[in-house]
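Visitor: Just the structure for this:
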Amino acid sequence: MDGSGVLANLILFAVVCFAPTVLFWCALRVPRLVHRIRAKRSTPSPSGPPIERVAADLRRVHRLLAGYPSGTPAARRFGTRQAYDELLTQACRQVGVPHRLAELPEGMDREIERLRVEQSLRERGLAVP
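Guide: Numbers count the residues shown, from 1 in each chain. I've put the predicted structure just below:
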C-alpha cells in the first residue's frame, strides 16, 4: 500500500505542476486553430461574373464591332467600343493583367492599348479574338 500511496502522490504532483502549463499552452493555440478551421470552411466568393462568361461576351462584342457596316451610326460604334473596353477591364482584373484602358482618351493610344491587352489575355490563356 505504501508504494501505491507514493505513486498516487507523484501523479497528483505531476498533474498539479503540469496542468496549468498545458492549459495555458492550449489557450494560446486555440485562436490559431479556430482561425484555421474558419479559413478552411469559408470559400472565397468571386468578385465578378465567371471568366468563361466574360470571354464569351468579349468574343460576342468583338464580332459586333467587326461586323458593323459602313453606315452604322458613330454613337453605336462608340457605345460598343466602351462595352468592349469594360469587358476587357473585367477580364484583366480577373486574370491579373495590368492595363491603362481607363486612363487613355479615345484614339490611337487607346487602340494600341486594346491590342496590347488582347495579346496579354491571349498569353494568359483567355481566348480573345
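Visitor: Now do the buried residues in the lowest-mean-pLDDT helix or strand in the chain.
Guide: One helix or strand of the chain scores below all others by mean pLDDT, DSSP states H and E: helix 2-41, with a mean of 84. Buried residues in helix 2-41, counted by 16 or more other CB atoms under 10 Å: none are found. C-beta: built from backbone N, CA, C; applies to glycine.
Visitor: got it, and stretch 83-102?
Guide: Within stretch 83-102, the residues that count as buried by 16+ other CB under 10 Å are 83-85, 87-92, 94-95, 97, 99, 101.
Visitor: out of the residues you listed, which are inside strands?
Guide: In strands, judged by DSSP state E, none of these are found.
Visitor: so which of the residues you listed comes closest to residue 14?
Guide: For the buried residues of stretch 83-102, the minimum distance to residue 14 (CB to CB) is 57.9 Å, reached by residue 94.
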